[in-house]
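Build me a model from this:
(one chain, ligands or ions: 1)
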Amino acid sequence: MNMLVDGEWRTDAAESTDDDGAFDRQETTFRDQVRDDPDARFQPAADRYHLYVSYACPWAHRTLVTRALKGLEDVISVSVVDPYREAGGWQFTPDKDGCTRDHVHDADYLRELYVRADPNATCRVTVPVLWDTQEDTIVNNESEEIMRMLDTAFDDLATQNVDLYPDGYRDEVDQIIDEIYDPINNGVYRAGFATEQEPYDKAIDDLFSALEHWNDVLEEQRYLAGDRLTEADIAMFTTLIRFDQVYHTHFMCNAKAIHEFSALWPYLRDLYQTPGVAETVNMSHIKEHYYTTHPDVNPNRIVARGPDLAFDAPHERDKLPGGPPDELESLLAE
Ligand SMILES: N[C@@H](CCC(=O)N[C@@H](CS)C(=O)NCC(=O)O)C(=O)O
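Presented below is the predicted three-dimensional model:
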């Protein structure tokens with residue numbers, strides 16, 4: 001596994017599967033918070049924070065969707081890494097389609113920013129990263145927490161009055177995010193990175209029983225937490241949008257495709273068609289990343305062709321109670 005050890009880049013660090021062949025995701029390391037509080041070290045401000053993302057990564061994708069739904073594009077800038085991650089880790093290749101330079105430090109590799117934030121860092125170099133240009137450091141590199149900060153700490157700067165963690169729904173949103181993480185969001189990786197049959201089978205059982213469960217729930221209600229679009233839907237969306245084109249084939253999650261589920265498929269189209277969301281989806285980065293970056297899984301790096309899915313097709317979920325936040329609804333009507 002490639003990671004930083006005491007600030008040095010190593011390509012021979014310990015494996016990411018445990019002794020039984022099950023995928024073992026490491027904890028993230030930078031966990032500070034931007035808070036709308038005069039005593040906070042990191043306070044919300046325009047042009048102060050920067051996001052490092054890969055369009056390929058479902059965790060980074062959560063932060064891009066939140067930024068778009070809140071209308072924070074002019075408040076928090078973004079740098080996009082190359083979807084192909086080779087031995088040096090995430091790299092900036094501004095000449096490649098959809099990629100950018102590192103707008104803050106013009107680094108060649110993301111790992112340079114990690115070492116700048118902590119010269120002795122011992123950790124994986126992951127996206128997303130929320131960077132503070134004022135203190136020149138990483139605030140946080142855990143997607144769930146970055147998503148929450150963008151949603152709740154930047155309201156005075158957001159151009160859209162959208163609350164994805166509304167009062168009255170908060171416990172349920174937290175519970176759902178937690179509940180879908182292991183079987184679904186991380187479940188596809190558990191299946192794809194398993195090196196023995198048993199953990200693979202367990203991952204597939206967990207994944208498809210959770211998908212069936214949420215399919216049943218979504219037959220009756222428009223969103224995971226009921227009638228309102230919340231952070232829980234964003235967390236689900238970034239896995240579902242990758243599923244049929246990548247996880248189904250590359251990670252052998254092929255018991256069923258999302259487009260074969262009666263409710264999950266229209267639900268996915270509904271989220272995709274929510275104003276601002278489609279622009280955050282870069283399917284060519286997604287496909288290039290997965291099919292080319294895991295040599296153990298796909299040594300010849302051939303990118304699977306299909307399927308061609310109509311994410312724009314009518315979803316008819318507006319028959320169910322609720323809908324996107326009012327501000328986004330008016331954009332839909334335009
Ligand atoms: N728990 C982290 C996970 C982030 C993560 O694993 N990102 C992957 C890309 S999908 C990554 O950057 N991996 C690089 C590596 O592990 O070396 C989060 O949710 O932010």
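
which residues does the most centrally placed residue in the chain contact?
Nearest residue to the geometric centre of the chain (C-alpha atoms, centre = their mean): Trp59, 2.3 Å. Going by C-beta atoms under 8 Å, 6 or more residues apart in numbering, Trp59 touches Thr126, Val127, Pro128, Ser143, Thr238. From N, CA and C alone the C-beta is placed, and that goes for glycine too.

restrict the residues you listed to those near the ligand?
Restricting the contacts of Trp59 to those touching the ligand (C-beta under 6 Å from any ligand atom) yields Thr126, Val127, Pro128, Ser143.

For Asp326, the count of nearby residues, please.
10 (other C-beta atoms under 10 Å).

Look up how far His289 lies from the nearest residue to it once chain neighbours are set aside.
Residue nearest to Asp326 in three dimensions, not counting chain neighbours: Asn161, with 7.9 Å by C-beta to C-beta, 6 or more residues apart in numbering. Distance of Asn161 to His289, computed by C-beta to C-beta, to the nearest Å: 34 Å.

before we move on, the earlier item: what about the residue nearest to the centre of the chain, which helix or strand?
helix 58-70 (DSSP states H and E).

After that helix, which helix or strand is next?
Next along from helix 58-70, by DSSP H and E: strand 77-80.

what's the distance between that next one and the middle of its chain?
15 Å (C-alpha atoms, centre = their mean, to the nearest Å).

got the CA positions of the following helix or strand past that strand in PDB?
Sequence order places helix 110-117 as the next helix or strand after strand 77-80, per DSSP H and E. Coordinates of each C-alpha in helix 110-117 appear next as PDB, following Å, rounded to 0.1, in the frame of the first residue of the first chain:
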ATOM      1  CA  LEU A 110      -1.400  15.700  -3.300                       C
ATOM      2  CA  ARG A 111       1.000  14.100  -0.800                       C
ATOM      3  CA  GLU A 112       3.100  17.400  -0.800                       C
ATOM      4  CA  LEU A 113       0.100  19.100   0.800                       C
ATOM      5  CA  TYR A 114      -0.200  16.500   3.500                       C
ATOM      6  CA  VAL A 115       3.500  16.900   4.400                       C
ATOM      7  CA  ARG A 116       3.100  20.700   4.300                       C
ATOM      8  CA  ALA A 117       0.300  20.300   6.900                       C
END
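
helices and strands around helix 110-117, which ones?
strand 3-5, strand 129-132, strand 137-140 (3 or more C-beta pairs under 8 Å, 6 or more residues apart in numbering; DSSP states H and E).

Flag every buried residue along the shortest one.
Looking back up the chat, that one is strand 3-5. In terms of neighbour count (16 or more other C-beta atoms under 10 Å), strand 3-5 has its buried residues at Met3, Leu4.

try stretch 270-290
270-277, 280-282, 285-290.

Keep only those of these that are in helices.
Asp270, Leu271, Tyr272, His285, Ile286, Lys287, Glu288, His289, Tyr290 (DSSP state H).

Same list (the residues you listed) but as TSV, adding pLDDT and distance to Asp32.
Shown next, in TSV, are those (pLDDT from 0 to 100; distance: C-beta to C-beta, whole Å):
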residue	pLDDT	distance to Asp32
Asp270	98	34
Leu271	98	30
Tyr272	98	32
His285	98	28
Ile286	98	29
Lys287	98	34
Glu288	97	32
His289	97	28
Tyr290	97	30
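
show me the contacts for the residue nearest to Pro128 when sequence neighbours are not counted.
Distances taken as C-beta to C-beta, 6+ apart put Ala60 closest to Pro128, at 3.9 Å, once the chain neighbours are dropped. The contact partners of Ala60, taken as C-beta under 8 Å, 6+ apart, are Leu51, Tyr52, Val53, Ser54, Val127, Pro128, Ser143.

Any chance of a markdown table for those, columns pLDDT, neighbour count and distance to Val115?
As requested, the contacts of Ala60 are exported to a markdown table (pLDDT from 0 to 100; neighbours: other C-beta atoms under 10 Å; distance: C-beta to C-beta, whole Å):
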| residue | pLDDT | neighbour count | distance to Val115 |
| --- | --- | --- | --- |
| Leu51 | 98 | 21 | 19 |
| Tyr52 | 98 | 29 | 14 |
| Val53 | 98 | 25 | 19 |
| Ser54 | 98 | 27 | 19 |
| Val127 | 98 | 23 | 16 |
| Pro128 | 98 | 24 | 18 |
| Ser143 | 97 | 27 | 21 |
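
and which of the residues you listed is nearest to the ligand?
Closest approach between the contacts of Ala60 and the ligand, by C-beta to the nearest ligand atom: Ser143, at 3.4 Å.

Might you report the residue contacts of Val277?
Val277 sits in contact with Val65, Ala68, Leu69, Phe237, Leu271, where contact means C-beta under 8 Å, 6+ apart.

Wait, Asn298 touches Tyr291, no?
Yes. Applying C-beta atoms under 8 Å as the test, Asn298 and Tyr291 come out as touching, 5.5 Å apart.

more crowded one of the two?
Between Asn298 and Tyr291, counted using other C-beta under 10 Å, the more crowded position is Tyr291 (21 against 17).

Look up the closest residue to that one, ignoring the ones flanking it.
Using C-beta to C-beta, 6+ apart, the nearest residue to Tyr291 is Val303, at 4.3 Å.
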